[in-house]
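**Student:** generate coordinates for the sequence data below:
(chains A and B)
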Amino acid sequence: MGEEFNPSKPIYLQLAERINYQIVRKELSAGEKLPSVREMAIRSGVNPNTVQRTYSELERMGIVETKRGQGTFVTEIESVLTTLRETLKKDQITHFVSDMREMGFSDEEMIQGLEEYFQVKGSKKG
Amino acid sequence: MIEFKHVSKRYGTKNALKDVSFTLPAGKVVGVIGENGSGKSTTLKLIAGLVKPTSGEITINNEPVTRRISRTVSYLSESDEFYPFFTVGDMIDFYHSQFTDFQPEKANEILSFMKLDRSQKIKNLSKGNRGRLKIVLSLSRDVPLILMDEPLSGLDPLVRDSIIRGLISFIDLEKQTVLITTHEVEEVEPILDTMMAIKDGQLITIQDVEELRIQENAGILDWMKRVYQ
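**Tutor:** Here you go, the predicted model:
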């Protein structure tokens, strides 16, 4: 079974989020087939009905499409994937900024902190 | 679809269930939750036709429940009811002889998933493997309704995990409905569609679990702590 889910938040959305991350990280590429509902249920340790709901939600967002009798595939529409990447970036930034503000850091301190961080790390990853 | 209409069950002077009415939709995994003695097991036994209601009416797909409902209901008992001198294979053959819907190929598939061996004697099985064998027997029947009374109780975490994964792998929610009673709420939470909460013989709620998370930002365990304390 994969990582545990937070039981207080809708699991179908948490699973959708994980799949979105996999797409942005290129672990799932454009046009690639997602595991079947049952396979995904077994892999992630959730109910197949939940996975079905996740796939429907992703389909509603245009991120995947279901081809009758063939399964569910990551979209090949470049603009959708670009938007997804941008959305995740904004989400992360919003999260970071709100945490930092809660701890009392000013915007200038954040920017300065980030610049220092990148200088020290140089071009290294991580 | 399971329907209770004003169902009460009394054992002697004790009211196990008091005027309970509900309908449960098909194709879901339903967790029946509540404290010890709240009426969970009685509810399952009533659905299985193993005990009769003192008053009220129970139907499954509009068919009144009698002892013969076992043709369409697979019931996993909380207790171990095996002949100790049987082997795992004997037990499977016995089930096959009792239930026309028993699928021997599926049984073999679940056996190997659970890493059980047909030749093992039941009296030599660990408690965990007896728990696994019960799952094999109960999931190998091609029936619309599967009832499981405390399938995880008293088993170690690895066994519980294999049972939950077995459930996900071998139930077919397009055709089957599963009712599970359990105290191990945390572990079954991710596989439940619906929770049915019982307290002191009365139904508190039947609720879609994802809706609960959306509306109240709470999981079943959080919700239980609020309602039962």
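**Student:** switch to C-alpha atoms for all contacts and neighbour counts from now on
**Tutor:** OK.
**Student:** in chain A, which spans are helices?
**Tutor:** A:11-24, A:37-44, A:48-60, A:78-102, A:107-121 (DSSP state H).
**Student:** now the longest one and helix A:11-24, what's the angle there?
**Tutor:** Put plainly, it is helix A:78-102. Relative orientation of helix A:78-102 and helix A:11-24, computed by axes from the mean of the first three to the mean of the last three C-alpha atoms, to 10 degrees: 110 degrees.
**Student:** what is the burial count for B:D200?
**Tutor:** B:D200 has 17 neighbouring residues, counting by other C-alpha atoms under 10 Å in any protein chain shown.
**Student:** same check on B:S153?
**Tutor:** Neighbouring residues of B:S153 were enumerated by other C-alpha under 10 Å; the total is 16.
**Student:** with adjacent residues omitted, what lies nearest to residue 73?
**Tutor:** Chain wasn't specified; assuming chain A. Spatially, and ignoring its direct neighbours in sequence, A:F73 is nearest to A:K33 (4.3 Å; C-alpha to C-alpha, 6 or more residues apart in numbering or on different chains).
**Student:** actually, chain B is the one I wanted.
**Tutor:** Excluding its sequence neighbours, the residue lying closest to B:V73 (C-alpha to C-alpha, 6+ apart) is B:L145, at 4.9 Å.
**Student:** sorry, back to before: could the helices of chain A go into CSV alongside distance to B:S112 and mean pLDDT?
**Tutor:** Converted to CSV, the helices of chain A look like this (distance: least, C-alpha to C-alpha, whole Å; pLDDT from 0 to 100):
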stretch, distance to B:S112, mean pLDDT
helix A:11-24, 29, 96
helix A:37-44, 16, 93
helix A:48-60, 22, 96
helix A:78-102, 41, 96
helix A:107-121, 51, 93
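**Student:** so for B:K40, which of those helices sits nearest?
**Tutor:** Among the helices of chain A, the nearest to B:K40 by C-alpha to C-alpha is helix A:48-60 (24.0 Å).
**Student:** from the chain's centroid, how far away is that closest one?
**Tutor:** Remark: helix A:48-60 is offset 15 Å from the chain centroid, using C-alpha atoms, centre = their mean, to the nearest Å.
**Student:** list the buried residues for that helix?
**Tutor:** Within helix A:48-60, the residues scored as buried using 16 or more other C-alpha atoms under 10 Å in any protein chain shown are A:P48, A:N49, A:T50, A:V51, A:Q52, A:R53, A:T54, A:Y55, A:S56, A:E57, A:L58, A:E59.
**Student:** what's the spacing between the fourth one and chain B?
**Tutor:** In this structure, A:V51 and chain B are separated by 10 Å, where distance is defined by C-alpha to the nearest C-alpha, to the nearest Å.
**Student:** what sits against that residue?
**Tutor:** Residues near A:V51 by C-alpha atoms under 8 Å, 6 or more residues apart in numbering or on different chains: A:Y12, A:L15, A:V37, A:M40, A:A41.
**Student:** quick one: residues contacting the nearest residue to the first one once chain neighbours are set aside.
**Tutor:** Computed as C-alpha to C-alpha, 6+ apart, the closest residue to A:Y12 that is not its neighbour in sequence is A:T54, at 4.8 Å. By C-alpha under 8 Å, 6+ apart, the contact set of A:T54 is A:Y12, A:L13, A:L15, A:A16.
**Student:** can you list the residues of chain A near chain B?
**Tutor:** A:5, A:7-12, A:38, A:41-42, A:45-50 (C-alpha under 8 Å from any C-alpha of the partner chain).
**Student:** out of those residues, flag the one nearest to A:N20.
**Tutor:** Once C-alpha to C-alpha is applied, the member of the residues of chain A next to chain B that ends up nearest A:N20 is A:Y12, at 12.3 Å.
**Student:** give me the distance between that closest one and A:E4.
**Tutor:** As judged by C-alpha to C-alpha, to the nearest Å, A:Y12 and A:E4 stand 13 Å apart.
**Student:** of these two, which one has the most company?
**Tutor:** Counted by other C-alpha under 10 Å, A:Y12 and A:E4 do not tie: A:Y12 has more neighbours, with 24 against 11.
**Student:** list the contacts for that one?
**Tutor:** Contacts of A:Y12 by C-alpha under 8 Å, 6+ apart are A:T50, A:V51, A:R53, A:T54, B:E210.
**Student:** cool, and A:G31?
**Tutor:** Taking C-alpha under 8 Å, 6+ apart as the test, what A:G31 contacts is A:F73, A:V74, A:T75, A:E76.
**Student:** thank you kindly, that will do.
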